[in-house]
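# 3D, please:
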Amino acid sequence: MKKQDLKFNQNEDYNKLLVADLRKKLAEVALGGGKKRIEREHAKGKMTARERIDYLLDKDKPQIEIGALAGYNMYQEHGGCPSGGVVVKLGYIHGRKVIVVANDATVKAGAWFPITAKKNLRAQEIAMENRIPIIYLVDSAGVYLPLQDEVFPDKHHFGRIFRNNAVMSKMGIVQIAAIMGSCVAGGAYLPIMSDESLIVDKTGSIFLAGSYLVKSAIGEDVDNETLGGATTQTAISGVVDHKVPNDKAALDKIRSIVSKMGERPKAGFNRIEPRKPEADPEEIYGILPKSRTEPYDMYEIIKRLVDAGSFDEYKADYGKTIITGYARIDGWAVAIVANQRKIVKNAKGEMQIGGVIYSDSADKAARFIMTANQKRIPLVFLQDVTGFMVGSRAEHGGIIKDGAKMVAAVSNSVVPKFTVVIGNSYGAGNYAMCGRAYDPRLMVAWPTAEIAVMSGASASKVLLQIEEARLKKQGKTIDPETKKKLLEEIQRKYDEQISPYYAAARLWVDAVIDPLETRKWISEGIQTANHRPIEEEFNPGVIQT
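Residues are numbered from 1 along each chain as shown. Alright, predicted model coming up:
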């Protein structure tokens, strides 16, 4: 690429500003409830959630954070909920892959908002999907009562956490819990349903009802320490396994427990010595256009993500709006399915729109996904898709049949799947390219991503037509100036909803990442997935050919 090219430089400046904005947002949420609340925790002799995780995990090994932007710009009327009030990281303890879940007591005393429950369930899902140990650092005041109806009663609400504790125990997934602050009501079951539990003296407490509720319910006068402090729950009740003097002692104890664990069988995914990409990954900033409608060459992105000399394309001359091929990322063998954003010419000499899935592309992708499963190679989806081709010609050619074939192959894959949303992720294209509903082990978005049923421009026009029809029924008309303002307002609201930060806030993606972090995320994702052997054969189900 020519770095002196004006268009390249404009793109580079624009995308670097997007990454700078991402870093600013991550720095904001990393403060949790703010500096004053952090100081308050320190005054109690406690570490913050992030400090605890940093102390616990190996310093010389990679870490990735799940859901850092969960809750972003949500619950503003309740004071906000940075990172969903809980910090989740994938990392290593004594070289062993683990996932750590730490309540952030600086955010509403660690109370559970709806997104907190969703994020905890996501962490447990990762542990179950990959058969890796999960460690809970508990410090929570329990359910956030003003929103209890959205946290407590449903299938995927608070109670699912404890159900998962039991299921993971049956699956042989190690669970370790440290009570490092409050642990009340139903939340008390989480650490005690874990395999091994610890409690920090004087700052940790665990009980079904605190002293005020006990007084109200049965008239008993008792302080919280006597009711459920460390000495009570280790020496008298025997509920908790270990009493430790402070936070660091608790974390050291966890590291000691993990260091003695035996190994389990691995999946055995293929890995060799990693190589750097043949082209500079930083050039991605200059390749990606500012506008989501502008074309670019996805081959240039792939060249900057995969190990040098490792890309072997599959069916290069067929179905050109999807690129398929085997490669290596950080030494790991991967099978890549990527949307080509250039306008391409098919074998008949017809021009095809980049980012659109045609029948031949869907057919090729389905076949490739099947071969990746046959060879036990993890799948990587690079999304920049506007959807499937429409119109009479596409329908007569069986676009629904070929699209269904691709969706079936994605749905029934037994190898781990990883999805990176580079640009557009619209409509059924999101599904076919392994969106959240199709169980990617990890799904991340670049700051350039947009996730929605359709583009903002298209959706705004449709929504405006609906609004005009509604007003017409009421006998009202819209003058051109009012119509323009209404369209702008609809567009503004819709654009907010298709932002990658809107998706990350709701955990539709696990993270918004700097494009330069993509190799790390995929590598660590496969490293995590390698802990679960593949025990079933691939069966795509009934598909039309």
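# same question for stretch 505-521: list its buried residues.
Across stretch 505-521, burial judged by 16 or more other CB atoms under 10 Å covers 505-515, 518-521. C-beta coordinates here come from the backbone N, C-alpha and C atoms, glycine included.
# just the CA atoms of that stretch, as CSV, please.
Only the C-alpha atoms of stretch 505-521 are listed here, as CSV (Å, rounded to 0.1, in the frame of the first residue of the first chain):
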residue,chain,number,x,y,z
ALA,A,505,-23.1,-2.5,25.8
ARG,A,506,-25.6,-5.2,25.3
LEU,A,507,-23.0,-8.0,24.9
TRP,A,508,-24.0,-8.7,21.3
VAL,A,509,-20.3,-8.7,20.9
ASP,A,510,-17.7,-9.6,23.5
ALA,A,511,-15.5,-6.5,22.8
VAL,A,512,-14.8,-3.6,20.5
ILE,A,513,-11.1,-3.9,19.7
ASP,A,514,-8.3,-2.1,17.9
PRO,A,515,-7.8,-4.0,14.6
LEU,A,516,-4.2,-4.6,15.6
GLU,A,517,-5.5,-6.7,18.6
THR,A,518,-7.3,-9.1,16.2
ARG,A,519,-4.5,-11.7,15.9
LYS,A,520,-4.2,-11.8,19.7
TRP,A,521,-7.9,-12.3,20.2
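# chain center to it, what's the gap?
7 Å (CA atoms, centre = their mean, to the nearest Å).
# mind listing which of the buried residues of stretch 505-521 are in strands?
Ala511, Val512 (DSSP state E).
# does Gly325 belong to a helix, a strand or coil?
strand (DSSP: H, G, I helix; E, B strand; the rest coil).
# hmm, I typed the wrong one, I wanted Met443.
Met443 ends up strand, using three-state DSSP.
# residues near it, how many?
26 (other CB atoms under 10 Å).
# right, and it touches Val509 too?
Yes. At 5.0 Å, Met443 counts as touching Val509 under the criterion of CB atoms under 8 Å.
# mind listing the shared neighbours of these two?
Val421, Arg436 (CB atoms under 8 Å, 6 or more residues apart in numbering).
# pull the contacting residues for the closest residue to Ser83 other than its chain neighbours.
Counting by CB to CB, 6 or more residues apart in numbering, Ser83 lies nearest to Val29, which is 4.9 Å off, once chain neighbours are set aside. For Val29, the contact set (CB under 8 Å, 6+ apart) comprises Ala68, Leu69, Tyr72, Pro82, Ser83.
# could you export these as JSON lines, including neighbour count?
Converted to JSON lines, the contacts of Val29 look like this (neighbours: other CB atoms under 10 Å):
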{"residue": "Ala68", "neighbour count": "22"}
{"residue": "Leu69", "neighbour count": "28"}
{"residue": "Tyr72", "neighbour count": "25"}
{"residue": "Pro82", "neighbour count": "24"}
{"residue": "Ser83", "neighbour count": "28"}
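# picking that back up, what mean pLDDT does the helix or strand hosting the residue nearest to Ser83 have?
In the assignment (DSSP states H and E), Val29 maps to helix 6-30. Averaged across helix 6-30, pLDDT comes to 97.
# buried residues in it?
Neighbour counts using 16+ other CB under 10 Å place Phe8, Asn11, Glu12, Tyr14, Asn15, Leu18, Val19, Leu22, Lys25, Leu26, Val29 of helix 6-30 among the buried residues.
# and the nearest residue to Val244 once chain neighbours are set aside, what does it touch?
Once flanking residues are discounted, Val244 sits nearest to Ala250: 4.6 Å by CB to CB, 6+ apart. If you count contacts by CB under 8 Å, 6+ apart, Ala250 has them with Ala178, Met180, Leu198, Val200, Val244.
# one more time with 10 Å
Ala250 is in contact with 47, 52, 55-56, 137, 178-180, 198-201, 203-204, 242-244, counting by CB atoms under 10 Å, 6 or more residues apart in numbering.
# SS state for the residue of the chain most remote from its centre?
Computed with CA atoms, centre = their mean, the residue of the chain farthest from its C-alpha average is Gly475, at 47.0 Å. Three-state assignment for Gly475 (three-state DSSP): coil.
# do you know the pLDDT at it?
For Gly475, the model assigns a pLDDT of 81.
# with just CA atoms, put the helix or strand containing Arg367 into PDB.
Using DSSP H and E, Arg367 maps to helix 359-375. Below are the C-alpha coordinates for helix 359-375, written out as PDB (Å, rounded to 0.1, in the frame of the first residue of the first chain):
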ATOM      1  CA  SER A 359     -26.000 -18.000  -4.500                       C
ATOM      2  CA  ASP A 360     -22.600 -19.200  -5.700                       C
ATOM      3  CA  SER A 361     -20.800 -17.500  -2.800                       C
ATOM      4  CA  ALA A 362     -23.200 -19.100  -0.300                       C
ATOM      5  CA  ASP A 363     -22.700 -22.500  -2.000                       C
ATOM      6  CA  LYS A 364     -19.000 -22.200  -1.800                       C
ATOM      7  CA  ALA A 365     -18.900 -21.000   1.800                       C
ATOM      8  CA  ALA A 366     -21.200 -24.000   2.900                       C
ATOM      9  CA  ARG A 367     -18.900 -26.500   1.200                       C
ATOM     10  CA  PHE A 368     -15.800 -24.900   2.700                       C
ATOM     11  CA  ILE A 369     -17.300 -24.900   6.200                       C
ATOM     12  CA  MET A 370     -18.000 -28.600   5.800                       C
ATOM     13  CA  THR A 371     -14.400 -29.300   4.800                       C
ATOM     14  CA  ALA A 372     -13.100 -27.300   7.800                       C
ATOM     15  CA  ASN A 373     -15.200 -29.400  10.100                       C
ATOM     16  CA  GLN A 374     -13.900 -32.600   8.400                       C
ATOM     17  CA  LYS A 375     -10.300 -31.500   9.000                       C
END
